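> Fold the following, please.
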Amino acid sequence: MPDPGNLLDPKRPIVTLARDTSAPHYFPLHQHARAQLVYASAGVLTVVTTQGTWVVPPQQAVWVPAGIKHEVRSPGPVSMRSLYIHPAVTQGLPTYCCVVTITPLLRELILEAVSLLNDYRPDGEESRLMHVILDKLQALEPTPLHLPFPQDPRVKTVSDALVANPADDRDLEVWADSAGASSRTLARLFVKETGLTFGAWRQRLRLLAAISRLGAGQPVSTVSYETGYHSPSAFIAMFKRTLGMPPGRYFRSPPTPPADEG
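Model (predicted):
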């Protein structure tokens, strides 16, 4: 089947693809001529580029601009629903990768669009649905589910080790020897390379690692210790403070729609 992400027919502003997997899956590095909205109606997806990692539970999606090389991973079963948007209609949409919130209305529009064939008539009902989706995409709200990757080898030594073990509690004073830089230099480089302090970057890493593990079905008690929290209550408090609700509710509740959607 031809890759809909490379279909350049301008008369079809949006084309779609549905993929369901029953086990963990990996889509190797690739790119599309169209921008892509990567959405999981069930399960959790991780999108990786050279610039960072984006984790998407069912309430969110990742926006990937055209031409960006990326990998897609799922830690468990997933229902992946992708929209591919023609470059001619992406004006006003982000020019960078980001995680965005999917409202209940947009979710239903995506599921309806994916149920249609991609050879729809440009003047038909299906085309009108795609233009409604385009209007809704303009109101996408980014969320803090992005982990930027540092490139400096001294900072990368630290970040790679923490990605491998998010529970590692060592501070920058301890990391200084193995990284080949002073703790002050590492602190400065973390902000320069990622836009986050070391502490904020590590907390973001732990949050994304936790979402991935929870999405794969691991219990909160296990996830809390594997991501560096000394008790499930401390982990739940961090999760609720960052994302506005505890883990159990987060994975079963759709986000609150904006006021203009009722």
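> Quick check: closest non-adjacent residue to residue 109.
Nearest non-adjacent residue to residue 109, counting by CB to CB, 6 or more residues apart in numbering: residue 133, 5.1 Å away. Glycine gets a C-beta too; all of them are placed from N, C-alpha and C.
> so which helix or strand takes in that neighbour?
Assigned by DSSP states H and E, residue 133 falls within helix 125-137.
> Check the offset of that helix from the chain's centre.
Here helix 125-137 is found 23 Å from its chain centre; the criterion is CA atoms, centre = their mean, to the nearest Å.
> Adjacent strands (with direction) for the next helix or strand after that helix?
Using DSSP H and E, the next helix or strand after helix 125-137 towards the C-terminus is strand 142-143. The strands that strand 142-143 pairs with in its sheet are strand 98-101 (antiparallel) (by DSSP bridges).
> can you list contacts of the helix holding residue 133?
Helix 125-137 is contacted from outside by 12-14, 37, 83, 85, 89, 93, 103, 105-106, 109-110, 112-113, 116, 120-121, using CB atoms under 8 Å, 6 or more residues apart in numbering.
> can you pull the buried residues of it?
126, 127, 129, 130, 133, 134, 137 (16 or more other CB atoms under 10 Å).
> out of those, which one sits closest to residue 79?
residue 133 (18.3 Å; CB to CB).
> and the gap between the closest one and residue 140?
Separation of residue 133 from residue 140 (CB to CB, to the nearest Å) stands at 11 Å.
> Now the common contact residues for these two.
Common contacts of residue 133 and residue 140 (CB under 8 Å, 6+ apart): none found.
> Run the chain-centre distance for the longest helix along the chain.
For the chain, the helix that runs over the most residues, judged by DSSP state H, is helix 198-215. Computed by CA atoms, centre = their mean, the chain-centroid distance of helix 198-215 equals 12 Å.
> do the same with stretch 135-152
For stretch 135-152, the distance to the chain centre is 7 Å (CA atoms, centre = their mean).
> how long is it end to end?
Separation of the first and last residues of stretch 135-152 by CA to CA, to the nearest Å is 40 Å.
> Return the set of buried residues in it.
Residues 137, 140, 143, 145, 146, 147, 148, 149, 150, 152 are the ones in stretch 135-152 that count as buried (16+ other CB under 10 Å).
> Of these, which pair is most distant in space?
Greatest spatial distance among the buried residues of stretch 135-152 (CB to CB): 137 and 152, at 34.8 Å.
> returning to that earlier point: of the buried residues of helix 125-137, which is the nearest to residue 52?
residue 137 (21.5 Å).
> gap between that closest one and residue 151?
Counting by CB to CB, the gap from residue 137 to residue 151 is 30 Å.
> per-residue pLDDT, residue 149?
Looking at residue 149, its pLDDT stands at 91.
> my guess is it contacts residue 155, does it?
No - contact between residue 149 and residue 155 fails when scored by CB atoms under 8 Å: they sit 9.5 Å apart.
> returning to what we had before: which other helices and strands does the longest helix of the chain contact?
strand 52-56, strand 146-148, helix 153-164, helix 183-194, helix 220-226, helix 232-243 (3 or more CB pairs under 8 Å, 6 or more residues apart in numbering; DSSP states H and E).
> if you set the cut-off to 6 Å instead, what comes out?
Applying 3 or more CB pairs under 6 Å, 6 or more residues apart in numbering; DSSP states H and E, one finds that helix 198-215 contacts strand 52-56, strand 146-148, helix 183-194, helix 220-226.
> could you give the mean pLDDT of the next helix or strand after the first one?
Read it as strand 52-56. Per DSSP H and E, strand 52-56 leads on to strand 60-64 as the next helix or strand towards the C-terminus. For strand 60-64, the mean per-residue pLDDT is 92.
> What are the buried residues along strand 60-64?
Neighbour-count burial for strand 60-64, counted by 16+ other CB under 10 Å, picks out 60, 61, 62, 63, 64.
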